[in-house]
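K.L.:
below are the sequence and a predicted model; questions follow.
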Amino acid sequence: MLSQIKIKKRKALLFFGLVFILYSCIPDRLPTEPVENTRPEFVSIELTGGSNLVVGLNSEIKAVFNESMNLETFPDNFKVVSAIDEITGEFTANDSIVVFKPAQAYSPAQLYEINISGKVRDVHGNSVISPNEEDQPQSSWFFTQGQYSQNGFPLIFVRDKSEKQVIHRVGQLNKSLGELSVQATVEDYQTASIEFSPNGQYLYMVNLKTVDGTVTIIDPQNFSVVKTIDVGLGPTNISFGTDKAFVSNTSGKSITTIDVNSLGAISTYEFSDGFKPKDLVYSPITNKLYIYSSSAKQIKVVEANNFESNYNLDEVLTDSKGVDIEITNDGRYIYLIQDRTDKIIVFDVQTDTVVKTIETGNPYIIDGAMGEKYYFAAFFKKVDKDLVGGITKIDLASNSIISTTIWDKEIDQIGLTNANELLYAVIPVDSTVSLFETETVKEISSIKVEGSLKYLAVSKNNYQ
């Protein structure tokens, strides 16, 4: 028989064994580590290099959040897109900063939009927005480097229509660089045009006076007067041939020819039929000038080397007189705006015929700018009691309208940078110069200029 002591020991072991089994079957009632369920917050988008107007073609993009993010959720929810391409890339993280490194270079002189969806998640699996919320992506934009930013930037010159002797200068894309007041023994009667010579060396300023006018030649870099040339009575516009400049003297009913090498007037020819030239272009194909009248629905065609040989075209302008004239870079086609209409006449210099009339649907086209592939026309129109401006972009190959940008202010003069990447526009109502990129014709910057603004010219060269 077992002794009483051994029996007690067995009972104790059995008891403790039962207790152990019992506690092993009871669930752990201690609290678990809580799951982090706070949604991450977007803080900002940062571009390396500073200004979003001159972004390098391989620049990284930083997306800043308030906590660490799950990089695997970014490729489908982080988009970098322009009008012509979409850029993919790799993502890395530095704590709460997600860095996008493009896999290929951005296209030059393109406006890119960055869109970050609210579906991106933090390292705990929480998205920026809940699945029930409308996804409104965080967005930003930048404009990439192009020819406009190589070795400096173009200079933009704007004439003042109140202080008629004053030219304002803008540089570094959107900075006012002061003004030049051109001394004159007789103040200008009205503000007339300014144009660059074909090689971009000089800016030519036409001075319209009550006596015989002048043309002031200006060094754009030093912003100083080089020479003043006497021309005819009431000059308004200037155009350039191969080695000559031609000034239309409206009141004098004449054209003054200037040698661009010697910077001197060669001759002034007066039209015997009383034709009053307003603006003109030169075609190297025909070696002729094409001039519209300030007072009639008439185009005059003139041999550039022999003004005696000239004739009028009375069937080109059908509705009203001309208000602006531009010629394609190859000298083949003229684009002529009819005053107070929505029509642009396309004229072939080889046949002296109209090949197309483009109806833009927006009346009061007031200025045009000719590019390599596109023609841009500025207009304004009245909507209720408000004047609304805009820019129409036209494809030169098909003469079809690509797009129309509506602007909430009247646009006056426009001008293109040399590589056609940027378009500058004078906004007279608030004395600003607006800067548009030409692919989508969206405004990307503006410059306040103290003055009453009118004619505009964009340098062909870049300057530091």
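P.N.:
Received the coordinates, thanks.

K.L.:
which stretches of the chain have low pLDDT?
P.N.:
Applying pLDDT under 70 to the chain flags residues 1-35, 50.

K.L.:
can you list the domain ranges for it.
P.N.:
What automatic domain parsing lists as the domains of the chain is 42-143, 147-463.

K.L.:
now that we have these, can you turn them into TSV and tack on distance to residue 36?
P.N.:
Placement of C-beta: from N, CA and C, glycine included. Shown next, in TSV, are these (distance: least, CB to CB, whole Å):
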stretch	distance to residue 36
domain 42-143	4
domain 147-463	40
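
K.L.:
how about these in JSON lines, adding mean neighbour count?
P.N.:
Converted to JSON lines, the domains of the chain look like this (neighbours: other CB atoms under 10 Å):
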{"stretch": "domain 42-143", "mean neighbour count": "16"}
{"stretch": "domain 147-463", "mean neighbour count": "18"}
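
K.L.:
okay, now the sheet partners of the host helix or strand of residue 459, with direction.
P.N.:
Using DSSP states H and E, residue 459 sits within strand 453-463. Partners of strand 453-463 in the sheet, by DSSP bridges, are strand 153-160 (antiparallel).

K.L.:
residues contacting the strand it pairs with, please?
P.N.:
Strand 153-160 is contacted from outside by 148, 166-173, 177, 179, 191-194, 203, 205, 220-221, 415, 417-418, 422, 424, 426, 433, 449, 451-463, using CB atoms under 8 Å, 6 or more residues apart in numbering.

K.L.:
give me the subset of these lying in helices.
P.N.:
Residues from the contacts of strand 153-160 lying in helices, with DSSP state H as the criterion: none.

K.L.:
so which of these are in strands?
P.N.:
Among the contacts of strand 153-160, DSSP state E puts 166-171, 177, 179, 191-194, 203, 205, 415, 422, 424, 426, 433, 453-463 in strands.

K.L.:
spell out the secondary structure type for the closest residue to residue 283 other than its chain neighbours.
P.N.:
Computed as CB to CB, 6 or more residues apart in numbering, the closest residue to residue 283 that is not its neighbour in sequence is residue 331, at 4.1 Å. For residue 331, the assignment made with DSSP: H, G, I helix; E, B strand; the rest coil gives coil.

K.L.:
torsion angles phi and psi at residue 331?
P.N.:
Phi and psi for residue 331, reported as degrees, to the nearest 10, are phi 80, psi 10.

K.L.:
list the contacts of it.
P.N.:
Residue 331 sits next to 282, 283, 284, 285, 286, 349 when contact means CB under 8 Å, 6+ apart.

K.L.:
how about CSV for the residues you listed, with secondary structure and distance to residue 67 added?
P.N.:
As requested, the contacts of residue 331 are exported to CSV (DSSP: H, G, I helix; E, B strand; the rest coil; distance: CB to CB, whole Å):
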residue, secondary structure, distance to residue 67
282, strand, 65
283, strand, 65
284, coil, 65
285, coil, 66
286, coil, 70
349, coil, 66
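
K.L.:
columns distance to residue 265 on top of those, output as a markdown table?
P.N.:
Output for the contacts of residue 331, formatted as a markdown table (distance: CB to CB, whole Å):
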| residue | distance to residue 265 |
| --- | --- |
| 282 | 17 |
| 283 | 22 |
| 284 | 22 |
| 285 | 26 |
| 286 | 24 |
| 349 | 26 |
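
K.L.:
and of those residues, the nearest to residue 215?
P.N.:
residue 282 (16.1 Å; CB to CB).

K.L.:
what's the spacing between the closest one and residue 102?
P.N.:
Separation of residue 282 from residue 102 (CB to CB, to the nearest Å): 44 Å.

K.L.:
check residue 460 too.
P.N.:
31 Å.

K.L.:
quick one: residue 300 is in a strand?
P.N.:
Yes. Counting by three-state DSSP, residue 300 falls inside a strand.

K.L.:
what helix or strand is the residue nearest to it when sequence neighbours are not counted located in?
P.N.:
Spatial nearest neighbour of residue 300, chain neighbours left out: residue 291 (4.7 Å); criterion: CB to CB, 6+ apart. Counting by DSSP H and E, the element that carries residue 291 is strand 288-293.

K.L.:
so who does residue 320 touch?
P.N.:
297, 338, 339, 340, 341.

K.L.:
am I right that the fourth one sits in a strand?
P.N.:
No. Inclusion of residue 340 in a strand is not indicated when three-state DSSP is applied; the result is coil.

K.L.:
number the chain from 29, please
P.N.:
Yes, from this point I'll number from 29; that puts the last item at residue 368.

K.L.:
my guess is it contacts residue 392, does it?
P.N.:
Yes. Here residue 368 lies in contact with residue 392, judged by CB atoms under 8 Å, at a distance of 6.0 Å.

K.L.:
the stretch 79-228 of the chain: strands as residue ranges?
P.N.:
Taking DSSP state E, counting those that start in this stretch as the criterion, the stretch 79-228 of the chain carries its strands at 89-93, 106-109, 114-115, 117-122, 125-130, 139-144, 166-171, 181-188, 194-199, 203-209, 218-224.

K.L.:
want to throw those into a markdown table with distance to residue 285?
P.N.:
Converted to a markdown table, the strands of the stretch 79-228 of the chain look like this (distance: least, CB to CB, whole Å):
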| stretch | distance to residue 285 |
| --- | --- |
| strand 89-93 | 54 |
| strand 106-109 | 51 |
| strand 114-115 | 51 |
| strand 117-122 | 57 |
| strand 125-130 | 53 |
| strand 139-144 | 42 |
| strand 166-171 | 41 |
| strand 181-188 | 23 |
| strand 194-199 | 24 |
| strand 203-209 | 26 |
| strand 218-224 | 15 |
